[in-house]
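Engineer: Fold the following, please.
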Amino acid sequence: MAHFMVLQVQLNKETDSRISAESSASSAKDLIKDLEGNLQRLSESSEREKKTLKKELSYTKEDLSLSASKLNAEVHIVDSFKYPSVVAC
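Structural biologist: So this is what the prediction gives:
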């Protein structure tokens with residue numbers, strides 16, 4: 001009978017260990033799902049930010065190009081006043 005009690009205690013410990021392991025595995029699976037969701041959201045957010053920054057860079061380049069063209073035109077006007085070309089009448 002003592003041997004039976006030892007086996008029963010051992011079985012109970014193994015059952016408890018199995019339940020604990022299954023609970024831990026379930027918790028780990030839930031955590032993995034949460035982390036994958038977070039990673040997906042961060043990835044999508046990063047892509048949106050990247051697109052926004054590319055647009056901003058494009059607009060900035062256009063503005064810079066227009067500003068350079070405007071400055072060149074202004075320099076040309078100023079130069080034409082400094083050094084007027086001789087016009088034959």
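
Engineer: Any stretches of this protein with poor pLDDT?
Structural biologist: Applying pLDDT under 70 to the chain picks out residues 84-89.

Engineer: Could you pull out the helices in it for me?
Structural biologist: 2-82 (DSSP state H).

Engineer: center of it, which residue is that?
Structural biologist: Centroid-nearest residue in the chain: residue 46, 2.1 Å away (criterion: C-alpha atoms, centre = their mean).

Engineer: ok, now how distant is that residue from residue 52?
Structural biologist: Plainly put, residue 46 is 11 Å away from residue 52 if you go by C-beta to C-beta, to the nearest Å. Any C-beta I mention is one placed from the backbone N, CA and C, and that applies to glycine too.

Engineer: now swap in residue 3 and tell me
Structural biologist: Residue 3 is 73 Å from residue 52, by C-beta to C-beta.

Engineer: And those two? Which one has more around it.
Structural biologist: residue 52 (10 against 7; other C-beta atoms under 10 Å).

Engineer: Residue 65 versus the more buried one, what's the distance?
Structural biologist: From residue 52 over to residue 65 the distance is 21 Å, taken as C-beta to C-beta.

Engineer: What's the local residue count around residue 19?
Structural biologist: 10.

Engineer: ignore the last one, residue 39
Structural biologist: There are 10 residues near residue 39, going by other C-beta under 10 Å.

Engineer: gap between it and residue 25?
Structural biologist: 21 Å.

Engineer: go on, residue 55?
Structural biologist: Applying C-beta to C-beta, the value for residue 55 to residue 25 is 45 Å.

Engineer: what's the answer for residue 35, then?
Structural biologist: Counting by C-beta to C-beta - residue 35 and residue 25 are separated by 15 Å.

Engineer: same question, residue 52
Structural biologist: Distance from residue 52 to residue 25, counting by C-beta to C-beta: 41 Å.

Engineer: how much space between residue 30 and residue 36?
Structural biologist: In terms of C-beta to C-beta, residue 30 sits 11 Å off from residue 36.
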